[in-house]
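>>> Pasting the sequence and the predicted coordinates here, then a few questions.
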Protein chains: 2
Amino acid sequence: LTGARREASATELVERLLAGERLALARLISLVERDAPGARQALQCLYPSTGRARLVGITGPPGSGKSTLTTGLAQALRAREQRVGIVAIDPTSPYTGGAVLGDRVRMMALYADPHVFIRSMATRGVLGGLARHTLDVVQILDAFGKDVILVETVGVGQDEVEIARAADTTLVVGVPNLGDGIQAIKAGILEIADILVVNKADLPGAARLVTELRTMLHLSPPSPAAWVPPIQETVATDGRGIDDLLTQIDRHGAYLLASGAGAERRAGRAQRQVRAIVDDRLQRRVGEVLARADWAARFARIAARAEDPYAVAEDLVSEVLHDGD
Amino acid sequence: LTGARREASATELVERLLAGERLALARLISLVERDAPGARQALQCLYPSTGRARLVGITGPPGSGKSTLTTGLAQALRAREQRVGIVAIDPTSPYTGGAVLGDRVRMMALYADPHVFIRSMATRGVLGGLARHTLDVVQILDAFGKDVILVETVGVGQDEVEIARAADTTLVVGVPNLGDGIQAIKAGILEIADILVVNKADLPGAARLVTELRTMLHLSPPSPAAWVPPIQETVATDGRGIDDLLTQIDRHGAYLLASGAGAERRAGRAQRQVRAIVDDRLQRRVGEVLARADWAARFARIAARAEDPYAVAEDLVSEVLHDGD
């Protein structure tokens, strides 16, 4: 009976969401973040209403001005009467369940705008699920009717990279004279960049960073038909370059459509989403099996070197796989 | 036949490793990092020879001087004639297969010491395995006869936290006036700290950070028998505080032994190691199933909103679980 009531309530929330009710949006996101009963059913219900929003990832190291850039993009999009969702991932708090807004004070003005919805997500501790939760939240915002969803991440770690790869268009943000930042770009994050942003372009060293990036792009020449990531300079704090950046995002959107790369990318996203759901299910199943038998004793035996972890893992995999649910 | 030869070679490598041959150490680590055939069998062979080394995690944000601190600790341990292993995780290069040493120039002197072995590991891209690979490398160093193994991470992301939690003693390093660093400590990374290190303690703001940390520690009072993390000030660049830090690490080691917390922690480590191996196996299995049937078409259907990812994930889980291997 309680289950039935819950299902009704999730369905009702979806209906209210699709009718444009902002409160339903916030409640559904909370359900999904908590993996509450009904959350999955709700996501399944609203899935056919998704696929319209453009998902733009903004990835860069701490100190690159990502938040300011995101704010600037959101403001420029609002000037074009686009409805905007912002999802910010805060990596500095792996243990906290809540969200830390940090230096996102500049976003305050946006909070007052009814056509902007901002969600700051904390990373979710050891068992993960961050990528899945983030993509779920993106889907809810999509179904709600957002035209553009900006997802801000630091681009470090598995979940983060997964999120960045899910975007239609990924901006990789670098700044002059930030050792780690340039290194990150050099090390290969270039591969996920559709647009390279050199923020704080008024600082000395900006021209050099642009040159370096251009050289790196030329070192790995793409096939003739493929997209060559443009390098856009911005000064996010005073809005310089933001409109041009938006134009580049539009250009990339047109390319995705014309080339068929967009459909391919979305199929890739679907695959990763399915994998994330599957991983989560399998993790839970491992947890269930571990809760059942006397595994604790076996872990103590491993610690005492009376067994080895590989043999125990073998047994655990067998139980997980061949043991009906 | 090739398989048999490979197995023989892995066994031989293990024998040479246990005989103290440094070249075998490097080769085994490479095998394990590449998930080469025989790697698992080698790990299984050498497992009974592990469990002797102390594993010390050094976790802190970029800029906290972790590498310098690690170098200082290694030098102090060498002065006590301890054999040292260092494993440094570089998070700035999620895509690169190689390792970036970054600002670890200070470690150069250690490279010349035959009783120090340093391995810099790059994070391994989307499919992960970083935590598992790192703990495997730690085990090889342990079997090789290292007395202390220092594992340096930035403490952000799932894998990183998992690695930090695997240590016998975890140092969390903060520095004065580094917004992110203090925030990270505040946000809950405190929970994994056995010893708090305030590095760059000669900077203004150090006393305040110590006071803040002390206040936070008092806000969550531990049970009377439990360990209260000491706060150790260091100036890693000139070695100040390093000997005291080593004394704190020894004190914590004695506590682990006397209280039984050490055995508990090692059982926890065994459990996480088993889970990491299991996760890896399940991931591979998912990959195998995905390679078989015509899943690509289903992902395209999801992208076109003709199916939803939850239903497809359900089917995939069923195939993974109920399909003999």
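Okay, I see it. Numbering: from 1, shown residues only, chains lettered A, B, ... in the order given.

>>> Give me the neighbour count for A:Asp294.
Applying other CB atoms under 10 Å in any protein chain shown, we find 6 residues neighbouring A:Asp294. Quick note: C-beta positions are derived from backbone N, CA and C, even for glycine.

>>> ok, now A:Val235?
Neighbours of A:Val235 using other CB under 10 Å come to 20.

>>> If I follow the layout properly, it ends up in contact with A:Asn199?
Yes - counting by CB atoms under 8 Å, A:Asn199 is a contact partner of A:Val235 at 7.3 Å.

>>> C-terminal to the least confident helix or strand in chain A by mean pLDDT, which secondary structure element comes first?
None of the helices or strands of chain A scores lower by mean pLDDT, DSSP states H and E than helix A:179-186, at a mean of 52. The element immediately downstream of helix A:179-186 (helix or strand, assigned by DSSP states H and E) is strand A:195-198.

>>> Name the residues of the helix or strand just after that following strand that are buried.
For strand A:195-198, the succeeding helix or strand toward the C-terminus, using DSSP H and E, is helix A:206-219. In terms of neighbour count (16 or more other CB atoms under 10 Å in any protein chain shown), helix A:206-219 has its buried residues at A:206, A:209-210, A:212-213, A:217.

>>> now swap in stretch A:251-261 and tell me
Buried-residue list, stretch A:251-261, by 16+ other CB under 10 Å: A:252-253, A:255-256, A:261.

>>> got the contact list for it?
With contacts defined as CB atoms under 8 Å, 6 or more residues apart in numbering or on different chains, stretch A:251-261 is touched by A:54, A:168-169, A:194-195, A:225, A:227, A:230, A:262, A:265.

>>> Turn the buried ones among these into a named PyMOL selection, would you?
In PyMOL syntax, the buried subset of those is picked out as below (16+ other CB under 10 Å):
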select buried, chain A and resi 54+168+169+194+195+227+230+262+265
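
>>> what's the neighbour count on A:Ala53?
Around A:Ala53 there are 22 residues (other CB under 10 Å).

>>> quick one, what contacts A:Thr215?
Taking CB under 8 Å, 6+ apart, one finds nothing in contact with A:Thr215.

>>> how near is it to chain B?
Distance, A:Thr215 to chain B, using CB to the nearest CB, to the nearest Å: 18 Å.

>>> Give the full set of residues in contact with the residue nearest the centre of chain A.
Centroid check for chain A by CA atoms, centre = their mean gives A:Ile163 as the closest residue, at 3.4 Å. By CB under 8 Å, 6+ apart, the residues touching A:Ile163 are A:57, A:89, A:130-131, A:134-135, A:151, A:153.

>>> Which of the contacts of stretch A:251-261 scores worst on pLDDT?
Across the set of the contacts of stretch A:251-261, A:Ala225 stands lowest in pLDDT, at 64.

>>> How about A:Gln271, nearest residue that isn't a chain neighbour?
Of all residues not flanking A:Gln271 in the chain, B:Phe299 sits nearest, at 4.4 Å (CB to CB, 6 or more residues apart in numbering or on different chains).

>>> Likewise for A:Gln139?
Nearest to A:Gln139 is A:Thr50, by CB to CB, 6+ apart, at 5.0 Å.

>>> re earlier: now the two most distant members of the contacts of stretch A:251-261.
Greatest spatial distance in the contacts of stretch A:251-261: A:Arg54 and A:Ala225, 21.9 Å, computed using CB to CB.

>>> Just want to check the distance between A:Leu209 and chain B.
16 Å.

>>> Helix, strand, or coil at the residue nearest to that residue when sequence neighbours are not counted?
Spatial nearest neighbour of A:Leu209, excluding adjacent residues (CB to CB, 6+ apart): A:Pro176 at 5.0 Å. The three-state assignment at A:Pro176 reads coil, by DSSP: H, G, I helix; E, B strand; the rest coil.

>>> repeat for A:Val173
Going by three-state DSSP: A:Val173 is strand.

>>> Touching, it and A:Ser64? I think so.
Yes - assessed by CB under 8 Å, A:Val173 is found in contact with A:Ser64 at 4.6 Å.

>>> So for those two, which residues contact both of them?
Both A:Val173 and A:Ser64 are in contact with A:Asn199, where contact means CB under 8 Å, 6+ apart.

>>> State the number of residues packed around the closest residue to A:Gly241 other than its chain neighbours.
Once flanking residues are discounted, A:Gly241 sits nearest to A:Thr234: 3.5 Å by CB to CB, 6+ apart. With neighbours defined by other CB under 10 Å, the count for A:Thr234 comes to 27.

>>> The residue nearest to A:Ala293 when sequence neighbours are not counted: which element?
Once flanking residues are discounted, A:Ala293 sits nearest to A:Glu319: 7.6 Å by CB to CB, 6+ apart. Assigned by DSSP H and E, A:Glu319 belongs to helix A:309-322.

>>> what's next to that helix, contact-wise?
A:282, A:285-286, A:289-290, A:293, A:295, A:298-299, A:302, B:40, B:43-44, B:47, B:270, B:273-274, B:277-278, B:281-282, B:285, B:320-321, B:324-325.

>>> Report the backbone C-alpha coordinates of it in PDB.
Extracted in PDB, the C-alpha atoms of helix A:309-322 (Å, rounded to 0.1, in the frame of the first residue of the first chain):
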ATOM      1  CA  PRO A 309      42.000 -11.500  -1.800                       C
ATOM      2  CA  TYR A 310      42.000 -12.900  -5.300                       C
ATOM      3  CA  ALA A 311      40.500 -16.300  -4.300                       C
ATOM      4  CA  VAL A 312      37.900 -14.600  -2.100                       C
ATOM      5  CA  ALA A 313      37.000 -12.200  -4.900                       C
ATOM      6  CA  GLU A 314      36.500 -15.200  -7.200                       C
ATOM      7  CA  ASP A 315      34.000 -16.700  -4.800                       C
ATOM      8  CA  LEU A 316      32.200 -13.400  -4.400                       C
ATOM      9  CA  VAL A 317      31.900 -13.000  -8.100                       C
ATOM     10  CA  SER A 318      30.500 -16.500  -8.400                       C
ATOM     11  CA  GLU A 319      27.900 -15.800  -5.800                       C
ATOM     12  CA  VAL A 320      26.900 -12.500  -7.400                       C
ATOM     13  CA  LEU A 321      26.600 -14.000 -10.900                       C
ATOM     14  CA  HIS A 322      25.000 -17.400 -10.300                       C
END
